[in-house]
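Trainee: Here's a sequence, model it:
(one chain, ligands or ions: 1)
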Amino acid sequence: MDPPRGALTLKEMDPKTFRAFCDFIYEQSGITLKEGKESLVSARIAKRMRANGIVDPRAYLEFVMADRSGRELVEMIDAISTNLTFFFREEAHFDMLRGVLSGWRDQGQLTYRIWCAAASTGEEPYSIAMTVLDVLGEGATDTRILATDISTRVLKTCTEGVYGENRMRNVSAGYRQRFFERNKDRATGEVRYTVKPSLRELVFFKRLNLSTPPFPMRGPMDVVFCRNVMIYFDQRVRANLVNEIYRLLKPGGYLMVGHSESLAGIATPLERVCPATYIKPG
Ligand SMILES: C[S@@+](CC[C@H](N)C(=O)[O-])C[C@H]1O[C@@H](n2cnc3c(N)ncnc32)[C@H](O)[C@@H]1O
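Mentor: Residues are numbered from 1 along each chain as shown. As a prediction, the model looks like this:
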């Protein structure tokens, strides 16, 4: 039976229910929500309760747990996680990528496999793709960029590859012209940038939960971007993820993490090259 809809006065989330949400979210996504996040979690969960016409947080939790389709779970994790991203975020990594790709190209490498592990709405994988095409040229190599995320909502934006003017700040005029179609929406007058097929066809999208390795990919990967997602995980989830990335990287392949993240405290043979950049020795 469908839950009732309309204007709702929601019940407050009690501490026991908050803990039950935290445990369930951790189990399902590896995302750790600490004490002190009660109001943030309640506000985000409240959106989903309203969308489903449920007034009691405990009843909503039971509803998500019972939903065999998994759709509400995806919606709830979407509401909980932060999807902030932008083109060429933490630019030093793109300079680094440029350098390593040029080196491999000069050695005659023709096949490239890059994994963007928490791709969010696509700005990161498309920034990687622009860098790849700039360095390696179009059609000259066999290149694939795998873009994964736990959220099907962000992956939809990623797949569509359409961005408003405000999202394009860090994309140079040259790159805009080379890699995007610029259109004005007739109805709203808003300018939209759509990624061109040359860029779009390099990127492959898949839903993947980083907290549940092993992953179905075989590798080897040349470069893995796993940035600004490990901050949501505890040390156990992080360590399992880093070990899996290690397995998937080729010897001499690189792992980029967010600039506020590090592999400190994780037992891994990966070696630090410079801040937030690691290499698999080989
Ligand atoms: C803050 S964004 C970072 C996006 C991008 N990597 C960047 O640095 O700009 C974090 C992303 O991680 C995703 N995420 C959170 N938990 C995840 C999990 N367990 N598995 C895969 N992706 C996850 C979120 O959906 C979100 O899109």
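
Trainee: What parts of the stretch 101-250 of the chain come near the ligand?
Mentor: Within reach of the ligand by CB under 6 Å from any ligand atom, the stretch 101-250 of the chain has these residues: 118, 120, 124, 149-151, 154, 208-211, 227-229, 232. Just so you know, the C-beta spots here come from the backbone N, C-alpha and C atoms, and that holds for glycine as well.

Trainee: 5 Å instead?
Mentor: 118, 120, 124, 149-151, 154, 209-211, 227-229 (CB under 5 Å from any ligand atom).

Trainee: Could you save these as CSV and add columns showing secondary structure and pLDDT?
Mentor: Formatted as CSV, these follow (DSSP: H, G, I helix; E, B strand; the rest coil; pLDDT from 0 to 100):
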residue, secondary structure, pLDDT
Ala118, coil, 97
Ser120, coil, 96
Glu124, helix, 98
Asp149, strand, 96
Ile150, coil, 92
Ser151, coil, 89
Val154, helix, 91
Asn209, coil, 95
Leu210, coil, 97
Ser211, coil, 96
Arg227, coil, 98
Asn228, coil, 96
Val229, coil, 96
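
Trainee: Just put the residues you listed in JSON lines and tack on neighbour count.
Mentor: Shown next, in JSON lines, are these (neighbours: other CB atoms under 10 Å):
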{"residue": "Ala118", "neighbour count": "24"}
{"residue": "Ser120", "neighbour count": "25"}
{"residue": "Glu124", "neighbour count": "29"}
{"residue": "Asp149", "neighbour count": "28"}
{"residue": "Ile150", "neighbour count": "23"}
{"residue": "Ser151", "neighbour count": "23"}
{"residue": "Val154", "neighbour count": "22"}
{"residue": "Asn209", "neighbour count": "14"}
{"residue": "Leu210", "neighbour count": "25"}
{"residue": "Ser211", "neighbour count": "21"}
{"residue": "Arg227", "neighbour count": "24"}
{"residue": "Asn228", "neighbour count": "20"}
{"residue": "Val229", "neighbour count": "25"}
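
Trainee: quick one: Phe18 from the ligand, how far?
Mentor: Going from Phe18 to the ligand by CB to the nearest ligand atom, to the nearest Å gives 19 Å.

Trainee: Please list all residues in contact with that residue.
Mentor: Neighbouring residues of Phe18 by CB atoms under 8 Å, 6 or more residues apart in numbering: 38, 41-42.

Trainee: ok, 7 Å please
Mentor: Contact analysis of Phe18 by CB atoms under 7 Å, 6 or more residues apart in numbering lists 38, 41.

Trainee: Ile114 too?
Mentor: 128, 145, 221-223.

Trainee: Generate a ChimeraX selection restricted to the buried subset of those.
Mentor: Here is the ChimeraX selection string for the buried members of these, based on 16 or more other CB atoms under 10 Å:
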select :128,145,221,222,223
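
Trainee: and the two most separated of the contacts of Ile114?
Mentor: Greatest spacing in the contacts of Ile114, by CB to CB: Ile128 and Met221 (12.1 Å).

Trainee: pLDDT weak spots in the chain?
Mentor: 1-7 (pLDDT under 70).

Trainee: all helices of it, in order?
Mentor: Listed in chain order, the helices of the chain (DSSP state H) span residues 15-29, 38-52, 57-66, 71-80, 92-106, 123-136, 152-160, 173-179, 197-200, 235-248.

Trainee: isn't Pro220 right up against Arg247?
Mentor: No: using CB atoms under 7 Å, Pro220 makes no contact with Arg247, being 9.2 Å away.

Trainee: And the closest residue to Gln28 other than its chain neighbours, how far from Ala66?
Mentor: In space, and not counting its chain neighbours, Gln28 is closest to Leu73: 6.2 Å by CB to CB, 6 or more residues apart in numbering. For Leu73, the distance to Ala66 equals 11 Å [CB to CB, to the nearest Å].

Trainee: how far away is Trp104 from Val223?
Mentor: For Trp104, the distance to Val223 (CB to CB) stands at 10 Å.

Trainee: what's the closest non-adjacent residue to the spatially most central residue of the chain?
Mentor: The centre of the chain sits closest to Ala118, judged by CA atoms, centre = their mean, with a distance of 2.0 Å. Once flanking residues are discounted, Ala118 sits nearest to Val229: 3.6 Å by CB to CB, 6+ apart.
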